[in-house]
Every structure is written in structure tokens, then in C-alpha cells.
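Enquirer: I would like to see how this sequence folds:
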Amino acid sequence: MLTTTTILVLILITNIAVSLAILLTNSQRTQNRYFTFFSTIMSVWILFVMGIIHSNDALSALHFIKGASVAGTWIPPSFHLLCLSISNPNVSLKEQLLRARFPLILAFSTSILCLSHLFITKVSLMPVGSVPDATYGPGFALYTAYYPVHFTFTIITFFRALKKARGVQRVELQFVLTSIAMAIPVYLLIHMAAVLLESSQPQQYGPISIIPINLVIAYGIATRHILEVGTFIRRIIAYILQGIYLIFVYLLTYYLVLKGFSHLISDTDLPAQICATVVVAFSMAPMHGRFQKVAYKLVSSQSLNAPITMKKAGEIFQSITTQDALLCQFTDLLTESLKAQSVRLLIKTGGDFTEATSKGRVKVTLPPALVATLESTKDPISEDKLTRSRQTPTTKEVLRDLRTLNSQLATGVFSQSELRAVILFGSRTGGRIYDKTEQDTLQILCNQFAVALENARLYTAMQDSKIQNEIMLEQLASGVVVARPDRGITLFNNEAQKITGINEEQSIGKHITVLPREIYLALEVTLENENGVRNIDATIYPDENSEDFPKYIRMSSAFLLGHDGKPMGALLVITDITELKALEEQVRRSDQLSSVGTLAAGMAHEIKNPLVTIKTFTQLLPQRYNDEDFRKDFSSLVAHEVERIDGIVNELLSFSKPAKPHLIAMDIQETLDQILKLVHEQLSQNSIKLQNNCKADKSYIMGDAKLLSQAIINLILNAIDAIGENGTLTIGTINCAYRFATGDSPDRAVTRKCIRIQITDNGKGIARENLQKIFDPFFTSKSEGTGMGLSVAHGIISEHHGVIEVDSELGKGTTFYLYMPLLEEEVTS
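Expert: Residues are numbered from 1 along each chain as shown. Got it, this is the predicted structure:
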């Protein structure tokens, strides 16, 4: 009796604990309340059974037996109400009672029967350790028939509800059915034993049937991470098989060690237990997976086949594809694997979510509460889980959002802890739910999908960039050539093909030597020096037998480095400037004609004044020949005017045919010092301050000191005229590098070390529109002079392979820069 009492107490405590836990989990949920009512009825029944066992007299035993029978009578209707609450959770209590009126009336009638003398005729006390024995009356047959009738009605109602149910209601009803299937055989065996033995002794073990009913239903209606019934049963079977296997292994190992070492050790019990425990511990892990497979074969299921789905997903993720193709393939996989009626994949772009449709990407507004919950929990959100959870304001809002989106499940796709996409799953065919194992599998798939999505984004961006670059390269008005460090050509656009006359097949993958010499040299110089060139003019000459004209090109290049600093090759941009050269030639010819006109006008103006004097003298000479003063004055005046004409002609000859300089090694700094001494007096007379900023360390050049002095003096005199009085003249030198264009080929246009001579005044400056004309002959803005000084100076500097540049601003002054190649960089003149 002590064992029976202990079992009943444990069952009672378990029943009460489970019912309270279910109620406290979510007291507002109808199913939880009805389950608590159902558990309360069973607890009352257990208490009456315990009263029967501990009865000391026949009368007490009679009352307890009748009480237990009445309590047992109300177990089926309470169970029926629980099923109705699962299938119709939103129906009121009054409506539920009306729907269950037949079971309630039947239970009430049977309860009255149990309290009458027709149910039990006599109760006999048995020896100590046994329960009282009841002698049943004719009403006991009706009581026995009550249960099949009631359960038949309940089962019919149950299956009707199961047929209509969808989602979590269907799964909860399936768990109820599973609990019945596990409990009824136990209870029927106990009851039939009582009938066949015509004894109430077996009834004391009736509460054992409560255990599967209580635990299975509690799991089915209360757990948040619910499993499908098939998965649940498979796990139960797997654990049972594993338990049986481990017990067998333990006993076998214990027996073998016990018998095998009995002749060596006197007491082998402890070693046998230790060995058996170790063997069981090492046997658990490898056999668990096998028993899962056996259980899977024994109980089929329509749930997600995780291994196959993961394999298919891996194949999709491994194939590099565009983002839209990946989304389409992954959506199809989820729809097919889960048998979902709809799967919506929303990609986060910026701060918005978009969905791919037949009309393109459409913006979708996701509720903030749903997005915030996904970001905070990083777990799937299911409608089933929310309905079974405690109803907080956030839970209610998220549940409402899911239903608004016609979705039963929402999963987040995270990359680097940032939400990148949301997948919404609609209802499944057959009314099935997304159980815990499927949600776990989906979350793993989503984590892998996040990586694949990022790769697809990069691939899509790369493809778009590639297409854009190809279009840009093909539409460029300049030719583009790219070569690897090994001199292999990797890019040769349409314009480059037009310029060179070489097509893509003849260039891509070939060595750069297949290109015209000028282009090849530019690429070779860039790759060899690992530095680009800029604005190099060159000429591409056609074949001797070709009727084409030469093409003038301008090239710039860049040396390409990878993100790791390793050389990637060289890029060369080629611009066809043939038409530009033709226009420049036309402009040059026009300028030459204009210069000739300017030259002629200047000569006419400069020579006309002396000629007027001479003409006047010749006209008056016959009349005043005898006038000695006239002859004396005009003869000296004519001589002066003739010298003036001679000077103009000589300057013109110097400009048109400048003297060839005699280039020798010379120190330009010494020449500058001598020039400054020569002009010192003139500077003092005009109160002009001289600033000597000569800082060049190297000043030896190849030059003609006399001609260079002439050019520099002309520039200084122009500066003095521009200053007037009370100004500043700055003369300075520095060493620098300058790119001298000495030809039309990139291998001849090089950067050389040079000395830069700077002549700066703070005079009135030169107007911007006149800067291009100051080196033209006879151009002058002064009232005196011929305008030939700067033209002659420009010619002298050019003959020394130098460059003269000017920078000026009205009201601020003018600066002339003279770039002269140093001696070690000079070439033969």
C-alpha cells in the first residue's frame, strides 16, 4: 500500500504542478484555463482514489469509491470542453457549454447513477495492504457503457474539428489525440481487469493513465517552441530505443565484467558498474543519430527534410549569380521544401524593404514592431508561438502585424549583426505549422543565405559596373589600352582600334609590340618606370603602300597598382588630335598672315616717318640749295633718318634670320651678375629697388653669353619701363625639373633638370587678351619702341633649347620665367 500511495502522491503532485505551470504561462488563454479545469478534475479523482486506499471502514470506502466514480465521470466532459476550446479558442464559456450540452447531461446523469444504490451494493474491507473490495450492482454496467459512448461522441466531434482545424489548432488537437492513444490502453486494461476479476483492486492503479495525458497535452498547448506530432513521436521513439539499447549495453557489460574477472578479483561488483557506466557513456553519442534514422523510417512525416534542403541550398549558394537570380532560386527552394502557399523575400535597400515582382522591385512597408522584434531577438517569429505566449502589448502588436501581412512565420536574414532581409512565410498546405526543428533549420539557411546574398550583391554590382565600364569605354572618344606587367594586352576599345587600325583579335592577349611604335614605347616607359606620362604628342605613320594620312595623337598613361600594392599593369589613353592639328595649322597660317600684315603695317609706320623727312629735303633742296644753313641742318637730319631706317631693317633681319648661337659651357649666374651691374645705374635713376633671389646651386648651361645677355636685358628693360618709378624688380634663380617637348614621340619628350630664371616687376601688368601677342613682332603697348625686343628674346631662348613663359595681372605686375637645361642634361644644338 505504501508503494501505491507513493505513486499516487507523485502523480498528484505532478498533475497539480503541470496544471499550475500551464495556467501561469498564459492565464488569459482559453486552452490553458480549460486544461487547468481538466487537471483539477483528475486531481480530485486521484484524491478520492487515495481516500479509497486509506479507508478504515466500509462506509468510508463506499463514499470514496462513489466520489472517485463521480470524479471519473466528469473527466470525459472536461476533456471534451478542452478539445472544444482548442478548436474554437475565441468562443465564450456560454457558447462552449451549449455545444457540450450532450456530454454534460450524460455526465450529470451518470454522476447521479454513481451516487445511487444501483451502482454499488456492498464494500468489503480487505486485509492490510489491499484496497477495499466493492460489489457492483446492475448500474455498474451503465457506468461501464458510459465511457465508450462518451468517448465515441468526443472522438467524432474531435475528428470533425481536426478536419477543419489549421495551423496550431490542428497540431494541438493532434497532441490531444496522441495523449488519448497513449492513455486509453492503460486505463482500459485497468478497468477490464477490475471487471474480469470482479474486484476493485486494479482500480488503485488507474491514475497511472493520467501521466501521458497530462504531460503530452501540456506540451501540446503550452510550449512555445512546438514540434509537429510526427517529429514528437519520432523523438520519443528514438529516446525509447536509445534507452533500451543503453540498458542492454549496461547489463551486458556488467554481466561480462562480473563473470570475466570473478577469478581475479574477489569483489567485482564495483569494477563491473564502473566499466558498464563508461561503455554506456561512450555508446550514447554514436548511436543517437542511428536511432533518429530508425525512428524517421518508422514514423513518416511531411515536415521539412533538413539534410536534403541544406544540400540544395548549398548548391544554390555556391553558384555565383546575380541578386535577382539568387532570390528567385532561394524562394522557389523554400516554397517547394516547406510546401508553403506563399514565400515573400524582402530585401533591405537603404532604409526600405523591397520585393521582387513581375513588374520589378516594389517597395514594401514592414511594421516597425515586427522589424524591431526580429532585430532584438534574431530568432524566427511565428504566429503559433505568439498566440501561446503571454500577451504583452508588444506581443499583441507583432501578432497583429503578422496577420496583416498574411504570414504565419517571419525570419530575419542577418549579416554582421545587421538585418539585411526579411522572409515572410504564408500558411502551409494541409494546415501544418512551422515547428521548432523547421524554424531552426530555416534560421541556419537564412544565416547561410546572408553570406550568399552579400556575394550576390557584390557580383551584381561588379556585373553592373562591368557593363557600365564597357559601355563607357566603347562610347569614349578616346582610345584606351590596358596592358599587364608581362606586356600582354587586356583591353583595347573601339576607338583604339580605329586609331591604330588593329582589331580586337589582333591585340587582346598579344604583346604590346604589335601596337604602333609610339604607343608601344609609351606603354613600355610606363611599365618600366612604374610612372605615368602626360600629354605626349606623337605621330602614327601609315604603311608605305597605304593611302592613309599620318595620324597625330596625344597620349597620357598611368601605372596601375592593386589593393595590396602589387603592380597590375599600365593604362594608356590615346586621343586622335589629327583634326585639332589641322585646325591649329589653319590658325597658325592665319596668324602668320596676320603677323605678316602686322609686320608690314609696323614697317610702313616705322619707315614712313624717316621717309617723310627725306622726301621733304629732296623737294626743298632745288629751291634752297644755296641756303647753307638749310643744307647743313637737313643733311644731318637725313643722315640720322637713314640710320634709323637701317636700324629697323637690321632688327627685322635679326628677327627673321636670327644669328646662330655659338653654344659653349657657361655659367648663366655670372652673366646675370654682369647684367645687374649694367642696369644698376638705370634702376637707381628710376628709384627702383632690386631684390636678388638667386638661389640656384647649379647654373652651368650650354649657351651664348652675348645673345643671352641681349635677351635678358630686353626683358629687364621692359620691366623697368612697366614699373616707371618707385617700384621693385626681383631677379631670382632656382634649380627645378621641367618637361621639354623636343619632338613628337614620347621617347624624346623627357623631364630634364634645369635652372629657372625669374624676372618679376610690380608694374602695371599686361592685359589677359594681350598675353598671347607679346612675342609677336612690332607688338607694343608703349608709345616708343619698335615692338621687336620680346620677339628677339623669345627667338634667342628657343635657340638655346629653353622655354620662356609669362604670367601677368593688370595692376599687380608681370613675371617672366626662363627655363634653361643644365649642362649635364643638354644635347647637341
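
Enquirer: List the buried residues in the helix or strand where residue 159 lies.
Expert: When secondary structure is defined by DSSP states H and E, residue 159 falls within helix 139-164. When neighbours are counted by 16 or more other Cβ atoms under 10 Å, the buried residues of helix 139-164 are found to be 139-140, 143, 146-147, 150-151, 153-154, 157-158, 161-162. For every residue, glycine as well, the C-beta is placed using N, CA and C.

Enquirer: Between the residues you listed, which sits nearest residue 522?
Expert: Lowest distance from residue 522 to those (Cβ to Cβ) belongs to residue 162, with 82.8 Å.

Enquirer: From what I see, that closest one and residue 176 are in contact.
Expert: No: between residue 162 and residue 176 no contact is recorded; they are 9.1 Å apart, counting by Cβ atoms under 8 Å.

Enquirer: which neighbours do these two share?
Expert: By the contact definition Cβ atoms under 8 Å, 6 or more residues apart in numbering, residue 162 and residue 176 are jointly contacted by no residue.

Enquirer: How is the residue nearest to residue 481 when sequence neighbours are not counted assigned, secondary-structure-wise?
Expert: Spatial nearest neighbour of residue 481, chain neighbours left out: residue 572 (4.5 Å); criterion: Cβ to Cβ, 6 or more residues apart in numbering. When the structure is reduced to helix, strand and coil (DSSP: H, G, I helix; E, B strand; the rest coil), residue 572 reads as strand.

Enquirer: Tell me who's in contact with residue 572.
Expert: By Cβ under 8 Å, 6+ apart, residue 572 lies in contact with 480, 481, 482, 483, 519, 522, 523, 526, 555, 556, 557.

Enquirer: okay, it: pLDDT?
Expert: We note a pLDDT of 91 for residue 572 in this prediction.

Enquirer: Got the phi and psi for residue 92?
Expert: Main-chain dihedrals, residue 92, degrees, to the nearest 10: phi -70, psi 170.

Enquirer: Could you do residue 119 as well?
Expert: In terms of degrees, to the nearest 10, the main-chain angles of residue 119 are phi -80, psi -50.

Enquirer: where's the nearest residue to it once chain neighbours are set aside relative to residue 110, distance?
Expert: The spatial neighbour of residue 119 that comes closest, neighbours along the chain excluded (Cβ to Cβ, 6+ apart), is residue 139 at 4.4 Å. The span separating residue 139 from residue 110 equals 9 Å under the rule Cβ to Cβ, to the nearest Å.

Enquirer: Check the secondary structure at the residue nearest to the spatial centre of the chain for me.
Expert: Within the chain, the residue whose C-alpha comes closest to the C-alpha centroid is residue 454; the distance, by Cα atoms, centre = their mean, is 5.4 Å. With three-state DSSP as the basis, residue 454 sits in helix.

Enquirer: Which residue lies closest in space to it, excluding its sequence neighbours?
Expert: Counting by Cβ to Cβ, 6+ apart, the nearest residue to residue 454 once its immediate chain neighbours are dropped is residue 415, at 5.6 Å.

Enquirer: and the one you found, backbone torsions?
Expert: Geometry field for residue 415 lists phi and psi as phi -140, psi 120, criterion degrees, to the nearest 10.

Enquirer: list the contacts for it?
Expert: With Cβ under 8 Å, 6+ apart as the criterion, the residues that contact residue 415 are 450, 451, 453, 454.

Enquirer: Of these, which is the most crowded?
Expert: Most neighbours among the contacts of residue 415, by other Cβ atoms under 10 Å: residue 453, with 22 neighbours.

Enquirer: give the contact list for residue 411.
Expert: With contact set as Cβ under 8 Å, 6+ apart, residue 411 has these partners: 374, 380, 381, 422, 423, 425, 439, 442, 443, 446.

Enquirer: Export those residues as JSON lines, with columns for distance to residue 349 and pLDDT.
Expert: What follows is these, written out as JSON lines (distance: Cβ to Cβ, whole Å; pLDDT from 0 to 100):
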{"residue": "374", "distance to residue 349": "17", "pLDDT": "88"}
{"residue": "380", "distance to residue 349": "22", "pLDDT": "88"}
{"residue": "381", "distance to residue 349": "22", "pLDDT": "87"}
{"residue": "422", "distance to residue 349": "12", "pLDDT": "90"}
{"residue": "423", "distance to residue 349": "16", "pLDDT": "90"}
{"residue": "425", "distance to residue 349": "21", "pLDDT": "90"}
{"residue": "439", "distance to residue 349": "26", "pLDDT": "83"}
{"residue": "442", "distance to residue 349": "23", "pLDDT": "86"}
{"residue": "443", "distance to residue 349": "23", "pLDDT": "85"}
{"residue": "446", "distance to residue 349": "18", "pLDDT": "86"}
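
Enquirer: Just put those in a markdown table and tack on distance to residue 712.
Expert: Converted to a markdown table, those look like this (distance: Cβ to Cβ, whole Å):
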| residue | distance to residue 712 |
| --- | --- |
| 374 | 80 |
| 380 | 86 |
| 381 | 87 |
| 422 | 79 |
| 423 | 81 |
| 425 | 88 |
| 439 | 90 |
| 442 | 86 |
| 443 | 84 |
| 446 | 80 |
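
Enquirer: how about those residues, which pair is most distant?
Expert: With distance counted by Cβ to Cβ, no two of these lie farther apart than 422 and 439, which are 14.6 Å apart.

Enquirer: ok, residue 448 to residue 318 distance?
Expert: From residue 448 over to residue 318 the distance is 10 Å, taken as Cβ to Cβ.

Enquirer: Those two: who's more crowded?
Expert: Using other Cβ under 10 Å, the more surrounded residue of residue 448 and residue 318 is residue 448, with 17 against 10.

Enquirer: Could you grab the helix/strand/coil label for that one?
Expert: The three-state label for residue 448, taken from three-state DSSP, comes out as helix.

Enquirer: per-residue confidence for it?
Expert: Among the per-residue scores, residue 448 shows a pLDDT of 85.

Enquirer: Among the contacts of residue 411, which lie within strands?
Expert: Using DSSP state E to define strands, the subset of the contacts of residue 411 located there is 381, 422, 423, 425.

Enquirer: Just give me the closest of those residues to residue 579.
Expert: Residue 579 lies nearest to residue 422 out of the ones in strands among the contacts of residue 411, by Cβ to Cβ, at 57.9 Å.

Enquirer: Tell me who's in contact with the closest one.
Expert: Remark: with contacts taken as Cβ under 8 Å, 6+ apart, residue 422 is in contact with 345, 346, 348, 353, 366, 370, 371, 374, 410, 411, 412, 413.

Enquirer: The last one contacts residue 445, correct?
Expert: No: under the criterion of Cβ under 8 Å, residue 413 lies out of contact with residue 445, with a separation of 9.4 Å.

Enquirer: picking that back up, can you redo the buried residues of helix 139-164 as TSV with distance to residue 216 and pLDDT?
Expert: Compiled in TSV, these are given as follows (distance: Cβ to Cβ, whole Å; pLDDT from 0 to 100):
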residue	distance to residue 216	pLDDT
139	33	83
140	30	83
143	27	83
146	24	86
147	20	83
150	20	84
151	17	81
153	22	85
154	16	81
157	19	81
158	15	78
161	18	79
162	16	77
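
Enquirer: Fine by me, we can end here.
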